[in-house]
Structure formats: structure tokens, C-alpha cells
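Visitor: Following is a predicted model, sequence given first.
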Amino acid sequence: MTEDNQIHIAVLDLYNGEANEGMRCILQLIEGFRNENNLYVSYQVFDVRLKNEVPDLSFDIYISSGGPGNPVDSIDSVWEKKYFNLMEAIKLNNQTYPENKKHVLLICHSFQIFCRQYGFGEASKRKSTSFGVMPVHKTEAGNQDLLFQTLDDPMWAVDSRDYQIIQPNMEKIAANGGALLCIEKYRPHVDLERAVMAIRFDEAFIGMQFHPEADAVGMSMYLLREDKKKFIIERYGEDKYWDMLNHLNDPDKIMLTYATVIPRFLMIGLQHKLSSVTL
């Protein structure tokens, strides 16, 4: 197999050393993609927040994880400066070599700081924590996007956040060739803005506020923790808590999202690279 047929993936770990299931799931999906497609896929993990590590431009695909904390507090931090220097370098590469674009997926915290940095939306603290298996509603553009088009509307995903992106700058999103893809559940009885749940920023950059990497195993471990169990029961009731546990393995809920979004993102990145190779 030639170098042209090899896919190199950089995984940007933004968990700041905190225990999580997100990194396990991301790496599991990459390894599954490699095995199922019999491809040479290499990956390297960079500890962005704890060790100020960022990759160079030698990778084809970049997956940037979720993480804890306020997406505003890290402004002017060393790690964030290095992080956005990387984002700028990728954007410049994609403009300079449009036939060989590098694809970027931004998850939850990464999505929030990216939106804040580039003015795609307003970062704010939620009135209360959002945690659990939630419906995510697609826009018309979301129904057409390659990552989401085969999923139901609403689709189901794991949500775990104290902060959110609201008030999307539609003019700026459109000016970059992007589109608003998903929004929070419609709650007409609640006088609060609906959060943005996914944006395609351009052909190669996409981000989402939910966790497309979450699987039933990881979510079960979270829900069985006493603090999470207490939170869900107090907020939604005991019936809702057991419904969440019972439906984790439903093939049409989070396991469908898990099996669709990131594998399809990786396939699109692979196809884009292979189409740029001169045979």
C-alpha cells in the first residue's frame, strides 16, 4: 500500500486529564473503521489542554474531542493559542490546496470554542445541566447533509454540557459555504433560546454540540454512577431514568448515531483524499 492510500488521523484530546468515555469511543470508532474497511489507518493522540500538544499538518483528518469547563475561560491560554494556530493553518491549507482538503470534526467543547472564536454563535451558560439521551432536531440542511441524511428526525444523541452555543450568525455561516444542521428540542412552553446542535462550517469543517461518539457501554457506565442517577431522577423522574437505560441499545437511537456520524465523516475524508491522488 502506497503512502497515498494511507490515512493519518490526529485526535485532539481536550479533556484536560479528566476521566471520560469520549476518548475511548473515538479511538474505538477509528479502529473499527480501519478493521471493517481493511485500510491502513494510523492515528495519534495529542493532549491539547494538559500538555499544550497540537499536531502538525501531516495528518489527513482531525477529530477534536469534548471536554470540561467554560468555553470562554480559556481565551488567551497557551493551549488555545496553539489550537487556533492549527485551525488557521488547516484553513489556509484547504484554501491553497482545495483538491486535498484536510477534514476536521469538532465535538462539544471543541465546537463551542470554535464557534466563540470565529463568531459563529454566542457561548453561554445553560440555566441547568443538559445530560442524557436527547432528541436532536435536523434543519432542512441537516436532512440533506451526508453525515445526517439517513438518520431520523429527530435523531437521538448523548448530550452532556453546562454551556451552549446560541444565536447562530446565519450570515457568517452562509458566507463560508456552511449551514445550520441541527437544533435543540423545541420547547414552546419554556422561554429559553434553543441551542445550536450542529453546524457545517464549510465542506471540510463540521462541528456538533452533542456527542456522536457516545456508545451504549459508555453511557450505561455514566448513568449507573450515583451522582448521574440522582441528577436524572431529580430532574426527569425515575421512569425517565429507567427508560434511558432500557433504550441505550435500541438500534434506532444512540447506537445508530454512533454507527453513522463518525464512520461517515471518516469515509468522506478518505474518499476526498483518494480522489485527489493521481493514478
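Guide: Perfect, thanks for sending it.
Visitor: list the contacts for the residue positioned nearest the centre of the chain?
Guide: Centroid-nearest residue in the chain, with C-alpha atoms, centre = their mean: I107, separated by 2.4 Å. Residues counted as contacts of I107 (C-beta atoms under 8 Å, 6 or more residues apart in numbering) are 22, 63-66, 207-208, 211-213. Every C-beta, even on glycine, is put in place using the N, C-alpha and C of the backbone.
Visitor: residue boundaries of the strands in this protein?
Guide: Taking DSSP state E, the strands of the chain run over residues 7-13, 41-47, 61-64, 103-107, 122-138, 155-166, 179-183, 196-200, 205-208.
Visitor: other SSEs contacting the second one?
Guide: Taking 3 or more C-beta pairs under 8 Å, 6 or more residues apart in numbering; DSSP states H and E as the contact definition, the neighbouring helices and strands of strand 41-47 are strand 7-13, helix 22-37.
Visitor: partners of it, with directions?
Guide: Sheet pairing here is set by DSSP bridges, and for strand 41-47 it gives strand 7-13 (parallel).
Visitor: Alpha carbons of the strand it pairs with, as PDB, please.
Guide: C-alpha atoms of strand 7-13 as PDB (Å, rounded to 0.1, in the frame of the first residue of the first chain):
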ATOM      1  CA  ILE A   7      -5.000   7.800   6.100                       C
ATOM      2  CA  HIS A   8      -3.400   9.600   9.100                       C
ATOM      3  CA  ILE A   9      -5.700  10.900  11.800                       C
ATOM      4  CA  ALA A  10      -4.900  13.300  14.600                       C
ATOM      5  CA  VAL A  11      -7.100  13.100  17.700                       C
ATOM      6  CA  LEU A  12      -7.100  16.200  19.800                       C
ATOM      7  CA  ASP A  13      -7.900  15.400  23.400                       C
END
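Visitor: List the contacts of it.
Guide: Residues from elsewhere that reach strand 7-13 (C-beta under 8 Å, 6+ apart): 23, 26-27, 30, 39-49, 54-55, 58-65, 83, 110, 266, 269-270, 273.
Visitor: swap the cut-off to 7 Å and go again
Guide: Here strand 7-13 makes contact (C-beta atoms under 7 Å, 6 or more residues apart in numbering) with 23, 26-27, 30, 39, 41-48, 55, 58-65, 270, 273.
Visitor: Run through who's touching the longest helix anywhere in the chain.
Guide: Secondary structure of the chain read by DSSP state H shows that its longest helix is helix 254-276. Residues outside helix 254-276 that contact it (C-beta under 7 Å, 6+ apart): 7, 29, 33, 60-61, 99-101, 103, 105, 133, 146-147, 150-151, 155-158, 212-216, 219, 248-249.
Visitor: Likewise for stretch 28-48?
Guide: Outside stretch 28-48, the residues that touch it by C-beta under 7 Å, 6+ apart are 1, 5-14, 53-55, 79, 83, 213, 262-263, 266.
Visitor: before we move on, what about stretch 143-150?
Guide: By C-beta under 7 Å, 6+ apart, stretch 143-150 touches 138, 142, 153, 155, 181, 200, 206, 260-261, 264-265, 268.
Visitor: cutoff 8 Å now
Guide: Here stretch 143-150 makes contact (C-beta under 8 Å, 6+ apart) with 138, 142, 153, 155, 179, 181-182, 198, 200, 206, 260-261, 264-265, 268.
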